[in-house]
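K.L.:
got a predicted structure here, sequence first:
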Amino acid sequence: MNTQANNQNHQQKPKILVARAIFPEALAKLEESFEVRSNQEDRIFSPEELQKELSGVVGALVAGSERIDANALAHAKDLKIVANISVGYNNFDVPAITAAGVMATNTPDVLTDTTADFGFALLMATARRITESEHWVRAGNWDKWSIVNNPLGMDLHHSTVGIIGMGRIGQGIAKRALGFGMNVIYHNRSHLSDADEKACGAKYVSKEELLRTADHVVLVLPYSAQSHHTIGAKEIALMKPTATLINIARGGIVDDAALAQALKEKKIFAAGLDVFEGEPKVHPELLKLSNVVLAPHIASATEKTRRAMVDLAIENVVEALSGKKPPSLINAEVFKG
């Protein structure tokens, strides 16, 4: 009798999809309130599989590997919310999601400092040739040490850093740069408030002036059709030959083929990349170069931050399915509160 009652209760739980592996404690928390289709083996669904998995569920937690568009939503007639476990959401076709009457959310704020930390670490590794130097040691080249023939890098202290994209993460990088005595310039769709500019020690300049002036260029802008190839061959040509380029934004912001050619020809000093066009694939020419630091999209990858991202995505789902406005709703026009 109890078994039948339990089965009935189980069947009455709303069905949700968790499209990628999450922490077991978080999954257990979800299972208290929902019937969960989980993917703890962490297999990436094909578009056809994703379409099938979204059918019959009222909510879904997804990541950048899941493209949520009209095709994915074709049979998702019960879907109320799709929650991205990421601050970026270029895997979302927001107009298509909105047209389907589905709420879309992301996970801002909880990863700001962690991502800014990594951005600055990548800048340091690139400018000071840290990974290249490690390979140099592992190859047994330390006995070739000389004053002028070590892997010589570029200074950060008292240099100029140019930040393109001055949102929360960009401002976090600017504040870290102040600790190194760096001059901070930025370009953004809009000027920061006077108070925010003062807090960051930052000065607004045109994109062209930033590229010509900066010793280190850091990209932190969101991806869109308008920001596609913000940095291409023409923009790289404006940069100093001693400059570094850091991309922790999104693949597609940089023309990776043009960057690889510029690095090969030493038109700029070096690059540090956490994101790539077509990732997880990396342009083959980048893999051949020593003057580029490559990372597998890990700017938010600390356990504390990833747990916070999952928790926020869960909160978004719970609030949406309780008839409340999710805390990080992207398409507010869908909410019928």
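P.N.:
Yes, it's here.
K.L.:
would you agree Glu319 falls within a helix?
P.N.:
Yes - checked against DSSP: H, G, I helix; E, B strand; the rest coil, Glu319 lies within a helix.
K.L.:
okay, now the nearest residue to it once chain neighbours are set aside: neighbour count?
P.N.:
Once flanking residues are discounted, Glu319 sits nearest to Pro326: 4.7 Å by Cβ to Cβ, 6 or more residues apart in numbering. In this view, the C-beta of every residue, glycine as well, is placed from N, C-alpha and C. Pro326: 24 surrounding residues under other Cβ atoms under 10 Å.
K.L.:
so Pro326 touches Asn316, yeah?
P.N.:
Yes - contact criterion Cβ atoms under 8 Å: Pro326 and Asn316 qualify, at 4.0 Å.
K.L.:
and for the two, which residues touch both?
P.N.:
81, 83, 105 (Cβ atoms under 8 Å, 6 or more residues apart in numbering).
K.L.:
and whatever helix or strand the second one lives in, what does it pack onto?
P.N.:
I take that to be Ala83. Element membership of Ala83, judged by DSSP states H and E, is strand 81-84. Using 3 or more Cβ pairs under 8 Å, 6 or more residues apart in numbering; DSSP states H and E, the elements in contact with strand 81-84 are strand 59-62, strand 103-105, helix 303-321.
K.L.:
direction included, what does that strand pair against?
P.N.:
strand 59-62 (parallel), strand 103-105 (parallel) (DSSP bridges).
K.L.:
any idea of the mean pLDDT for the first one?
P.N.:
Going back to what we said before, that points to strand 59-62. For strand 59-62, mean pLDDT is 98.
K.L.:
my reading is that the residue nearest to Glu319 lies in a strand. Confirm?
P.N.:
No - going by three-state DSSP, the assignment for Pro326 is coil, not a strand.
K.L.:
show me the contacts for it.
P.N.:
81, 83, 103, 105, 315-317, 319-320, 335.
K.L.:
mind giving me the ChimeraX select for the residues you listed, buried ones only?
P.N.:
For the buried members of these, the matching ChimeraX selection, counting by 16 or more other Cβ atoms under 10 Å, is:
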select :81,83,103,105,315,316,317,319,320
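K.L.:
next, give me the two most distant ones among the contacts of Pro326.
P.N.:
By the measure Cβ to Cβ, Glu315 and Phe335 form the most distant pair in these, at 15.0 Å.
K.L.:
that older thread, any idea which helix or strand comes after the strand holding Ala83?
P.N.:
Following strand 81-84 in sequence, per DSSP H and E, is helix 94-99.
K.L.:
how far off centre is that following helix?
P.N.:
21 Å (Cα atoms, centre = their mean, to the nearest Å).
K.L.:
need the CA coordinates for it. CSV is fine.
P.N.:
Taking Å, rounded to 0.1, in the frame of the first residue of the first chain, the C-alpha atoms of helix 94-99 are listed here in CSV:
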residue,chain,number,x,y,z
VAL,A,94,16.5,33.8,-27.2
PRO,A,95,13.9,34.9,-29.7
ALA,A,96,12.9,31.3,-30.4
ILE,A,97,12.8,30.5,-26.7
THR,A,98,10.6,33.6,-26.1
ALA,A,99,8.3,32.8,-29.0
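K.L.:
which other residues reach it?
P.N.:
68-70, 73, 82, 104, 330-331, 333-334.
K.L.:
quick one: average confidence on that helix?
P.N.:
The model assigns helix 94-99 a mean pLDDT of 98.
K.L.:
all helices of this protein, in order?
P.N.:
2-12, 24-33, 47-54, 94-99, 112-127, 130-138, 168-178, 194-200, 207-213, 233-238, 256-264, 284-287, 303-321 (DSSP state H).
K.L.:
circling back: out of the contacts of helix 94-99, grab the one that's most surrounded.
P.N.:
Counting by other Cβ under 10 Å, top hit in the contacts of helix 94-99: Val82 with 32 neighbours.
K.L.:
what's the distance between the residue lying closest to that residue once chain neighbours are set aside and Asp117?
P.N.:
The shortest distance from Val82 to any non-neighbouring residue, by Cβ to Cβ, 6+ apart, is to Ala60 (4.9 Å). According to Cβ to Cβ, to the nearest Å, Ala60 and Asp117 sit 30 Å apart.
K.L.:
equivalent analysis for Phe335, please.
P.N.:
33 Å.
K.L.:
repeat for Thr160
P.N.:
Thr160 is 21 Å from Asp117, by Cβ to Cβ.
K.L.:
among the contacts of helix 94-99, which lie within strands?
P.N.:
82, 104 (DSSP state E).
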